[in-house]
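Undergrad: predicted model, plus sequence, below.
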Amino acid sequence: MRLGLNLGYWQRHPNDATDLVLAAERLGYDSVWTAEAYGSDAFTPLAWYGARTSRIKLGTSVAQLSARPPVTTAMTAMTLDHLTGGRLLLGVGASGPQVVEGWYGQPFARPLARTREYVEIMRRVWRREEPVTSDGPHYPLPLPGGLGKPLRLITHPLRPDIPVYLGAEGPKNVALATEVAQGWLPLFTFPSKIEEMYGDALAARGPDFDIAAMVMVVISDDVRAALDGVKLMLTLYIGGMGARHRNFHADIMGRMGYAEAAERIQALYLAGRKGEAFQAIPDELADGIALVGPPERIKERLELWRASPVTSLLVMGPRDEEQLAVIRDLVLG
């Protein structure tokens, strides 16, 4: 199992995690990942860390499709891949209607079809086999009826096959990842339920397909406090990171077997009763998707992850080199 560090996106204040990234590289972590929502972007911090490291792979988890046309993401990825010696892992995802429509002012129609079209255009850009055209309905190139003509990427990519990962939560999107991408980035993973939830969707994956699961890790002798930290995060995602009638994070909790709890959590949160929403998060849900407690407890619960189809653990939450070392020894030792 490979080990990565997921830094996420900045919260209220900027967070230069260079020292943590350098420590992860020294300790043998395979990758470091950044994200974006509607604050810091995914690529700028990654370039910053790439300039200060030499070996660790650099991933976006994820870059939002609606933030950039596919050719812009392809150009950015090609540039960063060159500057870092071929270390980029490009994770992309459709996000959700709240962000896409509320922040980017774009429609959230047909996310699977848009994702397929987006990835195919990026691959055409990197291959440089011919000027890029696309007759798809979402990203037509050149623009129909305009003065543009098909163009070819000026710069030759370092790698014409930059690895693409999809951030996906629904079974159809996961199946699409096995078809068009090199990996899948699940945000919430209940390791003992992956086969039940996604067995059919993952059936067509190749032997090198990477399931890179994000997992919150809290090393603490106070298991109660550690679980509460996970529940606080879940309260926001289930309750507030989505529209009232379309919340993919709440949907995935339902597929894990917590549909009634997810519905209640969202209703309480949207009613302004956030404390009650927090209390409604089942402990077993928080414990199932995270690794919390003293090292010996985490080591025991890691066996569930080793028995699952997960091939990379992208840990969220370590604060310093000491914690990174403990996690490294538990996962890789």
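TA: Received it, and whenever you're ready, just let me know what you need. Numbers count the residues shown, from 1 in each chain.
Undergrad: ok, Glu101 - contacts?
TA: Shown in contact with Glu101 (C-beta atoms under 8 Å, 6 or more residues apart in numbering): Pro107, Phe108. (Glycine included, C-beta is placed from N, CA and C.)
Undergrad: show the pLDDT at it.
TA: Note for Glu101: predicted pLDDT of 93.
Undergrad: 434 is where my numbering starts, stick with that
TA: Okay, residue one is now 434; in that scheme the one you just asked about reads as Glu534.
Undergrad: would you map the strands across the protein?
TA: When assigned using DSSP state E, the strands of the chain occupy the ranges 435-439, 464-467, 490-493, 496-497, 521-526, 597-600, 616-618, 643-652, 724-726, 745-749.
Undergrad: distance from the chain centre to the lowest-mean-pLDDT helix or strand in the chain, please.
TA: Of all helical and strand segments in the chain, the minimum by mean pLDDT, DSSP states H and E falls on helix 681-686, at a mean of 85. Chain-centre distance of helix 681-686: 15 Å, with C-alpha atoms, centre = their mean, to the nearest Å.
Undergrad: repeat that for stretch 609-629.
TA: For stretch 609-629, the distance to the chain centre is 11 Å (C-alpha atoms, centre = their mean).
Undergrad: quick check: chain neighbours aside, which residue is closest to the residue nearest the centre of the chain?
TA: With distances taken as C-alpha atoms, centre = their mean, Ser494 lies nearest the centre of the chain, 3.4 Å away. Nearest non-adjacent residue to Ser494, counting by C-beta to C-beta, 6 or more residues apart in numbering: Trp466, 4.0 Å away.
Undergrad: ok, now which ones touch that neighbour?
TA: With contact set as C-beta under 8 Å, 6+ apart, Trp466 has these partners: Gly437, Leu438, Asn439, Leu440, Leu491, Gly492, Thr493, Ser494, Leu522, Gly524, Leu747.
Undergrad: same question, Gly616
TA: Gly616 touches Leu522, Gly524, Pro596, Val597, Tyr598, Leu599, Ala610, Phe642, Asp643, Ile644, Ala645, Ser745, counting by C-beta under 8 Å, 6+ apart.
Undergrad: switch the cut-off to 6 Å
TA: For Gly616, the contacting residues are Tyr598, Asp643, Ala645, by C-beta atoms under 6 Å, 6 or more residues apart in numbering.
Undergrad: where's it relative to Leu701, distance?
TA: For Gly616, the distance to Leu701 equals 35 Å [C-beta to C-beta, to the nearest Å].
Undergrad: again, but for Asp655
TA: As judged by C-beta to C-beta, Asp655 and Leu701 stand 26 Å apart.
Undergrad: more crowded one of the two?
TA: Set Asp655 next to Leu701 and count neighbours by other C-beta atoms under 10 Å: Leu701 wins out with 20 against 13.
Undergrad: excluding its backbone neighbours, what's nearest that one?
TA: Using C-beta to C-beta, 6+ apart, the nearest residue to Leu701 is Ala710, at 3.9 Å.
Undergrad: pLDDT weak spots in the stretch 534-683 of the chain?
TA: Scanning the stretch 534-683 of the chain for pLDDT under 70 picks out 675-678.
Undergrad: where do the helices sit along it?
TA: Using DSSP state H, counting those that start in this stretch, the helices assigned to the stretch 534-683 of the chain run over residues 544-560, 604-613, 627-635, 656-673, 681-686.
Undergrad: what sits against the closest residue to Pro502 other than its chain neighbours?
TA: Nearest residue to Pro502, sequence neighbours excluded (C-beta to C-beta, 6+ apart): Tyr572, at 6.5 Å. Tyr572 makes contact with Pro503, Glu550, Ile554 under the criterion C-beta under 6 Å, 6+ apart.
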